[in-house]
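1. Can you look at this prediction? I've put the sequence above it.
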Amino acid sequence: MPSTVIVGTQWGDEGKGKVTDLITKDYDYVVRFQGGNNAGHTVIVGERKLALHLMPSGIMDENAVPVIGNGVVIDPGILVEEMQMLEDEGISCKNLKISCDAHVIMPYHKDFDGADEKRLGENKIGTTNRGIGPCYQDKAARKGIRIQDLLDEKIFRLKLETALSQKNPVLEKIYGLAPYTVDRICEEYLPYARILKPYMTETAQLLGEALRNNKNILFEGAQGTLLDIDHGTYPYVTSSSCCAGGAATGTGVGPTAINKVIGIQKAYVTRVGGGPFPTEQRYVENGGAGEEAETGEALCKAGHEFGVTTGRKRRCGWFDAVIARYAAEVNGLTDIALTKLDVLSAFDTIKVCIAYECQGKTYDYFPMQQSVLFHAKPVYVELPGWKGLDLSECRSFEELPQNAQDYVTYLEALSGVPVTIIGVGPDRDQTIVRGWKSK
Ligand code: IMP
């Protein structure tokens with residue numbers, strides 16, 4: 001029963017989508033286990049680029065069953081829209097399975113997300129404003145509404161009534177926003193329920209049976225290790241378990257069924273939203289100047305670092321081995337897919353952070369106190385680059401320029417995990433497979 005978890009090892013946007021597309025053909029099921037439409041994944045269909053936010057990327061492979069697990073939060077309007085968009089492109093959604101236990105993002109969750117960020121002002125988290133946090137908040141508080149509640153109008157109305165009796169006063173009195181009526185939400189959500197009903201199922205049971213039948217399962221993580229609610233840079237995190245362990249709780253598959261964990265690691269680091277980022281090369285608008293700002297701009301430009309979901313310019317910085325080691329540990333990585341190595345062709349020399357310094361202490365491990373991360377000064381090793389050399393045609397490790405090979409083996413030694421896939425360009429085939437095996 002071979003099964004693999006794909007996780008981001010940094011702050012998301014490491015290029016998980018491309019690696020998922022590349023290896024999906026080896027799997028019978030592709031399962032989202034956390035997050036919601038805060039994720040963004042671009043898929044190429046013929047000449048067109050489509051942005052997926054909620055749909056597992058297995059939807060692009062007609063032989064794989066795409067599954068949305070119980071750990072995901074679902075905005076039904078967005079899901080219906082995405083399904084429609086895919087069907088219009090000739091991509092069938094008929095195999096999609098949606099967990100009845102997944103929680104539903106309600107309109108007031110989106111209101112709370114925006115209003116909370118406004119209230120936090122300069123200290124805002126920089127959320128995607130999709131209602132993700134408030135939905136998980138209700139789930140943990142045992143006040144959430146689940147996909148299965150949409151199946152019975154009577155139950156849905158009852159749950160909504162209870163929810164609104166608490167939400168409306170907060171919306172009105174604390175945030176000065178308009179309240180909701182049960183009728184208004186039913187009018188919007190019940191038609192979605194009718195469309196989604198044929199796809200709703202007991203996904204934990206489905207996956208258990210798949211494993212018993214020796215089917216291959218790919219668990220597709222969204223966001224990344226440092227955005228994990230437990231292991232990330234709290235509170236500048238998302239509200240779900242993005243690490244490999246989340247694949248078990250977010251789907252109902254036991255942890256012993258997982259035998260590979262592939263960490264997606266960008267050859268440099270990016271982050272969107274607020275929070276500490278030791279190797280950040282700040283833009284002028286964020287307080288950077290001179291070489292720092294130039295490096296940040298060069299990484300952003302060469303790597304096209306703009307969010308798929310929000311369009312925001314991502315913050316960019318040099319590779320951070322302290323984070324890499326931490327991610328290897330908390331996810332139990334068996335493999336690393338190193339993405340966007342080609343972007344570093346823009347530089348004469350390349351810096352790698354191997355430790356942090358803070359108040360006279362050196363940290364080569366992830367610091368216990370987040371304040372250290374805010375004030376950490378990176379300790380860099382500067383490596384020779386391969387400026388101007390085009391990596392996009394390389395299909396084997398040996399075809400890479402020597403300095404690029406040395407960079408990869410150096411990162412590998414720093415994290416202690418083999419780099420078995422290397423991305424050298426945006427297209428699926430611009431990839432070096434270096435020992436990756438799905439089984
Ligand atoms: P939320 O998930 O919308 O609540 O946002 C919380 C934090 O996670 C913010 O810093 C977001 O920018 C970040 N975030 C959420 N989803 C993604 C993603 O898919 N990629 C990168 N950052 C993300």
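-> Thanks, I have the structure now.
2. how's the protein carved up into domains?
-> Per the record, the chain has its domains at 3-58+199-262, 103-195, 264-433, by automatic domain parsing.
3. Where does pLDDT dip in this protein?
-> In the predicted model of the chain, residues 1, 45 satisfy pLDDT under 70.
4. Tell me the residues of it that contact the ligand?
-> With C-beta under 6 Å from any ligand atom as the criterion, the chain meets the ligand at residues 11-13, 38-40, 125-128, 130, 132-133, 222-223, 227, 236, 238-239, 272-273. Bear in mind the C-beta positions are built from the backbone N, C-alpha and C, glycine included.
5. Show me where the stretch 101-250 of the chain has its strands.
-> For the stretch 101-250 of the chain, strands defined by DSSP state E, counting those that start in this stretch occupy the ranges 103-104, 200-201, 217-220.
6. Of these, which stretch is the most buried?
-> Among these, judged by mean count of other C-beta atoms under 10 Å, the one packed with the most neighbours on average is strand 217-220 (a mean of 28).
7. Which residues are in contact with the closest residue to the ligand within the stretch 1-150 of the chain?
-> Closest residue of the stretch 1-150 of the chain to the ligand, C-beta to the nearest ligand atom: residue 12 (2.8 Å). Taking C-beta atoms under 8 Å, 6 or more residues apart in numbering, we find residue 12 in contact with 39, 222, 223, 224, 227, 242, 271, 272.
8. what's the neighbour count on the last one?
-> When you say that, I think you mean residue 272. Close neighbours of residue 272, defined as other C-beta atoms under 10 Å, add up to 21.
9. What residues does residue 320 make contact with?
-> By C-beta under 8 Å, 6+ apart, the contact list for residue 320 reads 10, 269, 278, 279, 353, 378.
10. same check, this time on residue 34
-> With the criterion set at C-beta under 8 Å, 6+ apart, residue 34 makes contact with 69, 71, 72, 221, 222, 223, 240, 241, 242, 246, 250.
11. Not including adjacent chain positions, what is the nearest residue to it?
-> Of all residues not flanking residue 34 in the chain, residue 240 sits nearest, at 3.8 Å (C-beta to C-beta, 6 or more residues apart in numbering).
12. quick one: that neighbour and residue 108, what's the gap?
-> 19 Å (C-beta to C-beta, to the nearest Å).
13. before we move on, what about residue 315?
-> Using C-beta to C-beta, residue 315 is found at 30 Å from residue 108.
14. For residue 79, which of the domains of the chain is the nearest?
-> For those, distance to residue 79 was read as C-beta to C-beta. The smallest value, 5.3 Å, belongs to domain 3-58+199-262.
15. Which element, helix or strand, includes the residue of the stretch 1-150 of the chain closest to the ligand?
-> Using DSSP states H and E, residue 12 maps to neither a helix nor a strand.
16. returning to what we had before: just the buried residues of the contacts of residue 34.
-> Buried residues within those, defined by neighbour count using 16 or more other C-beta atoms under 10 Å: 69, 71, 72, 221, 222, 223, 240, 241, 242, 246, 250.
17. list the contacts for the closest residue to the last one other than its chain neighbours?
-> Among residues not flanking residue 250 along the chain, residue 71 sits closest, at 2.3 Å (C-beta to C-beta, 6+ apart). By C-beta under 8 Å, 6+ apart, residue 71 lies in contact with 33, 34, 102, 240, 241, 246, 249, 250, 251.
18. Compute the number of surrounding residues for the third one.
-> As a burial measure, residue 102 scores 24 neighbours (other C-beta under 10 Å).
19. same check, this time on the first one
-> The burial metric for residue 33, expressed as a neighbour count using other C-beta under 10 Å, is 30.
20. With adjacent residues omitted, what lies nearest to it?
-> Using C-beta to C-beta, 6+ apart and skipping the chain neighbours, the partner closest in space to residue 33 is residue 250 (3.1 Å).
21. Now do the helices in the stretch 151-300 of the chain.
-> Listed in chain order, the helices of the stretch 151-300 of the chain (DSSP state H, counting those that start in this stretch) span 153-169, 182-196, 203-212, 246-249, 290-303.
22. so which of those comes closest to residue 51?
-> helix 290-303 (17.6 Å).
23. Quick one: distance of that closest one to the chain centre.
-> Distance of helix 290-303 from its chain centroid, counting by C-alpha atoms, centre = their mean, to the nearest Å, is 23 Å.
24. helices and strands around the following helix or strand past that helix, which ones?
-> The element immediately downstream of helix 290-303 (helix or strand, assigned by DSSP H and E) is strand 315-317. In this structure, strand 315-317 packs against strand 269-271, helix 290-303, with contacts taken as 3 or more C-beta pairs under 8 Å, 6 or more residues apart in numbering; DSSP states H and E.
25. Tell me the residue of the stretch 201-350 of the chain that sits nearest the ligand?
-> Proximity of the stretch 201-350 of the chain to the ligand (C-beta to the nearest ligand atom) peaks at residue 273, 2.2 Å away.
26. sorry, back to before: quick check: the two most widely separated of the contacts of residue 34?
-> Across the contacts of residue 34 (C-beta to C-beta), the longest gap, 14.8 Å, separates 69 and 223.
27. Name the nearest residue to residue 3, sequence neighbours excluded.
-> residue 217 (4.1 Å).
28. My read is that that neighbour contacts residue 32, right?
-> No. Using C-beta atoms under 8 Å, residue 217 is not in contact with residue 32, being 11.9 Å away.
29. quick revisit: just the helices of the stretch 151-300 of the chain: most buried one?
-> Mean neighbour count (mean count of other C-beta under 10 Å) peaks for helix 246-249 among those, with a mean of 24.
30. CA atoms only: put that helix into PDB for me.
-> Provided in PDB are the C-alpha atoms of helix 246-249 (Å, rounded to 0.1, in the frame of the first residue of the first chain):
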ATOM      1  CA  GLY A 246      -1.900  16.500   8.900                       C
ATOM      2  CA  ALA A 247      -2.400  13.900   6.100                       C
ATOM      3  CA  ALA A 248      -3.500  11.300   8.700                       C
ATOM      4  CA  THR A 249      -5.900  13.500  10.600                       C
END
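31. buried subset of the contacts of residue 320?
-> 10, 269, 278, 279, 353, 378.
32. Okay, the last one and the ligand: tell me how far apart.
-> As judged by C-beta to the nearest ligand atom, to the nearest Å, residue 378 and the ligand stand 21 Å apart.
33. Quickly list what that residue is bridged to.
-> Following DSSP bridges, residue 378 is listed with bridge partners residue 356.
34. what's near enough to touch it?
-> 278, 279, 318, 320, 353, 355, 356, 357.
35. measure the residue lying farthest from the centre of the chain to the ligand for me?
-> Residue farthest from the centre of the chain, counting by C-alpha atoms, centre = their mean, is residue 154 at 35.4 Å. Separation of residue 154 from the ligand (C-beta to the nearest ligand atom) stands at 32 Å.
36. State the phi and psi torsions of residue 423.
-> Dihedral pair for residue 423: phi -90, psi 130, per degrees, to the nearest 10.
37. I'd like to know which of the buried ones among the contacts of residue 320 is nearest to residue 421.
-> residue 10 (15.9 Å).
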